[in-house]
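Trainee: need coordinates for the following:
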Amino acid sequence: MLNEIQNKYEQFSDSIILKFEYFTRGASKEIIVTIDCMNKLNDYKYETIKLSFNDVISFRFIENENEASVSINEALLIKENGVLTFDFFPLRLGASTLKENKDSDLIIRCKDVSYVKIERVSL
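Mentor: Modelled structure (predicted):
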């Protein structure tokens with residue numbers, strides 16, 4: 001699923017987070033992020049999707065006054081040792097290299113991710 005998301009939405013450049021939801025069900029944790037983003041396979045037209053992060057290991061979401069932690073320039077999406085990491089505020093090293101930012105305003109680590117396209121929300 002990670003490859004499919006990367007293939008369609010690349011690094012979520014010029015995206016905006018519309019909604020952030022957190023759920024616990026016993027020991028299981030889930031985060032749903034609704035995001036307005038461009039689809040590379042559809043001529044970079046914007047569409048709204050819900051990303052479902054399942055079996056969440058950890059997350060960090062910081063929203064400071066007068067700062068936009070919901071406006072995404074680019075995101076780092078990686079899988080290492082069975083853990084998916086979505087860092088929506090990674091560090092940029094050089095022209096094309098992204099690195100995980102330990103102080104990221106929004107980072108989610110989980111074991112599984114899925115998405116569904118929903119009706120686009122007008123901004």
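
Trainee: separation between the residue of the chain most remote from its centre and residue 83?
Mentor: The C-alpha centroid of the chain is most remote from residue 26, which lies 24.0 Å away (Cα atoms, centre = their mean). Noted for residue 26: a distance of 20 Å to residue 83, by Cβ to Cβ, to the nearest Å. (Each C-beta comes from the backbone N, C-alpha and C, glycine too.)

Trainee: same question for residue 110.
Mentor: For residue 110, the distance to residue 83 - Cβ to Cβ - is 7 Å.

Trainee: go on, residue 44?
Mentor: 30 Å.

Trainee: re earlier: look up phi and psi at the residue farthest from the centre of the chain.
Mentor: phi 70, psi -130 (degrees, to the nearest 10).

Trainee: one step back: of residue 110 and residue 83, which one has the most company?
Mentor: Looking at residue 110 and residue 83 with other Cβ atoms under 10 Å, you find the greater number of neighbours at residue 110, namely 20 against 13.

Trainee: element containing the more buried one?
Mentor: Using DSSP states H and E, residue 110 sits in strand 106-118.
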